[in-house]
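Participant: sequence below, structure please.
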Amino acid sequence: MSGESKNVTSVEELRTMYKEPSVVAQQKVLAELDEHCQKMITLSPFVCLATTTADGSLDISPRGDPPGSIKILNSSELLIADRYGNNRLDTLTNLTLNPEIALIFLVPGMIETLRVSGRAEIISDDERLETCVIDGKRPPTGILVHVHRAFLQCGKALKRSALWEGTYQIERTELASFGTILKDQTNSQLSADELDCSIDDAYRNKLY
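Facilitator: Below is the predicted model of the structure:
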C-alpha cells in the first residue's frame with residue numbers, strides 16, 4: 001500500500017469496492033410497519049432519533065423508556081413522548097425547521113436492529129399524549145412520526161461489538177465522572193462533586 005490517501009467521489013467508484021446487495025437486502029425495505037416491525041418497537045426500550053439542524057448538519061439524540069412506551073397508532077404512525085431532559089430542545093427545534101426524521105430501535109438480547117424514517121410533527125394538548133403518562137407525568141409534547149420507510153438491519157454491528165454480551169463493558173472508574181467532564185467542558189461555578197450530586201439526584205428523582 002502507498003502512503004497516499006484517495007477520496008471516493010462517486011457511487012460508481014464506490015460500487016467497485018463492494019459486492020452487489022443481495023435480492024433480499026434490496027427487497028426488505030417496507031413503506032409501512034408490518035407485524036414484525038411493530039413487535040420490535042413494542043419490545044424496544046431505546047431508540048436514537050436523527051434530525052437536521054438549521055445549517056444542514058446532522059444531529060442524533062437517544063430516547064429511553066420502558067418497552068411499549070412508544071405508541072404504534074397504526075402501521076404508518078408512531079408517537080414518541082418527549083419527556084423533560086436538559087431542555088436544550090435540539091431535536092424538537094430541528095423538527096420545526098425540517099420534519100425529516102430517522103430512527104434506529106434496539107431490543108436488548110436481539111442483535112438485529114430496526115431502521116425507520118419519515119416525517120415528524122410535534123404535538124401538544126393532544127389526547128393521544130395521555131397514553132404516554134408515566135409516574136403520573138404527562139409529557140409536554142410528543143413526536144408524531146409518519147413512517148415512509150422501515151427495514152431490519154442485520155446483526156453484524158452488534159455481533160462485532162458484543163453489545164449485549166458485556167465483553168467490552170468498562171469499570172466506570174476508567175472514565176472521569178460526568179460531573180468532572182462537565183466541569184472541564186463548561187464554565188460552571190459548581191464543583192465537580194456538586195455537579196455529580198446534582199446529576200445523581202436527577203437520575204434518582206427527576207426521570208419523569
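
Participant: so what's the closest residue to residue 148 other than its chain neighbours up against?
Facilitator: Leaving out its chain neighbours, the residue that sits closest to residue 148 by Cβ to Cβ, 6 or more residues apart in numbering is residue 118, at 4.1 Å. The way it works is simple: take the backbone N, C-alpha and C, and place the C-beta from them, glycine included. Contact partners of residue 118, counting by Cβ atoms under 8 Å, 6 or more residues apart in numbering, are 100-101, 145-149.

Participant: among these, name the buried ones.
Facilitator: Burial of the contacts of residue 118 was assessed by neighbour count (16 or more other Cβ atoms under 10 Å); the buried members are 101, 145, 147-148.

Participant: elements contacting the worst-scoring helix or strand of the chain on mean pLDDT?
Facilitator: Counting by mean pLDDT, DSSP states H and E, the chain has its least confident helix or strand at helix 23-27, which shows a mean of 91. For helix 23-27, there is no helix or strand it packs on, judged by 3 or more Cβ pairs under 8 Å, 6 or more residues apart in numbering; DSSP states H and E.

Participant: quick check: what element follows that helix along the chain?
Facilitator: helix 35-43 (DSSP states H and E).

Participant: what lies in contact with the following helix or strand past that next one?
Facilitator: Beyond helix 35-43 in the direction of the C-terminus, DSSP H and E gives the next helix or strand as strand 46-52. Strand 46-52 has contacts (Cβ under 8 Å, 6+ apart) with 58-64, 70, 80, 90-91, 94-95, 97-98, 100-106, 108, 143.

Participant: burial of residue 66, as a residue count?
Facilitator: Neighbours of residue 66 under the rule other Cβ atoms under 10 Å: 7.

Participant: residue 43 too?
Facilitator: 15.

Participant: which residues does it contact?
Facilitator: By Cβ under 8 Å, 6+ apart, the residues touching residue 43 are 67, 107, 110.

Participant: also residue 113?
Facilitator: By Cβ under 8 Å, 6+ apart, the contact set of residue 113 is 104-107, 152-153, 155, 157-158.

Participant: and which of the residues you listed is nearest residue 132?
Facilitator: Set against residue 132, the nearest of those by Cβ to Cβ is residue 105 (16.8 Å).

Participant: any low-confidence regions in this protein?
Facilitator: Low-confidence segments of the chain (pLDDT under 70): 1-2.
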